[in-house]
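# no sequence for this one, just the structure:
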């Protein structure tokens, strides 16, 4: 299994958008510019979010974990987006109920079983409201990556 790629260029802070589509477009485009996903990833992740919502209310800040199929991925990677103001994402497993998302964890997985493993590890992050608050407020991108690596590796 290839190693999860995280880089400062994939940590996006102070995102100012009005809709989930705008944040998905911004983050996916950044991943494409870095070469970790194919151009097709951008529309695929937006389309998938419409059919399979990824918003997750947590005890701390609500999060979203948008992702799509491995054929759109060049390199297994994770991008983190911190929104200035939350935007509504439909809650995973719901049709109409939404949650105001502050942190977006965009996944690009190159193997199906790797996605499940990473999602399980991310659930540990999502259950730690102090860690979520830290990720949302920390300004040093290298510290954000180090904190995530501690939990995900």
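Thanks, I have the structure now. Every value quoted in this text rests on a predicted model; they were computed, and no experiment measured them.

# Can you pull the poorly scored residue ranges out of this protein?
1-2 (pLDDT under 70).

# and after the lengthiest strand in the chain, which helix or strand comes next?
Using DSSP state E to define each element, the chain has its longest strand at strand 77-90. The helix or strand immediately downstream of strand 77-90 is strand 98-108, counting by DSSP states H and E.

# circling back: please point out which parts of the longest strand of the chain sit buried.
For strand 77-90, burial by neighbour count (16 or more other C-beta atoms under 10 Å) applies to 77-83, 87, 89-90. C-beta coordinates here come from the backbone N, C-alpha and C atoms, glycine included.

# Format those residues as CSV; extra columns: distance to residue 132.
Listed next are these as CSV, based on distance: C-beta to C-beta, whole Å:
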residue, distance to residue 132
77, 20
78, 15
79, 16
80, 11
81, 13
82, 11
83, 13
87, 16
89, 15
90, 20
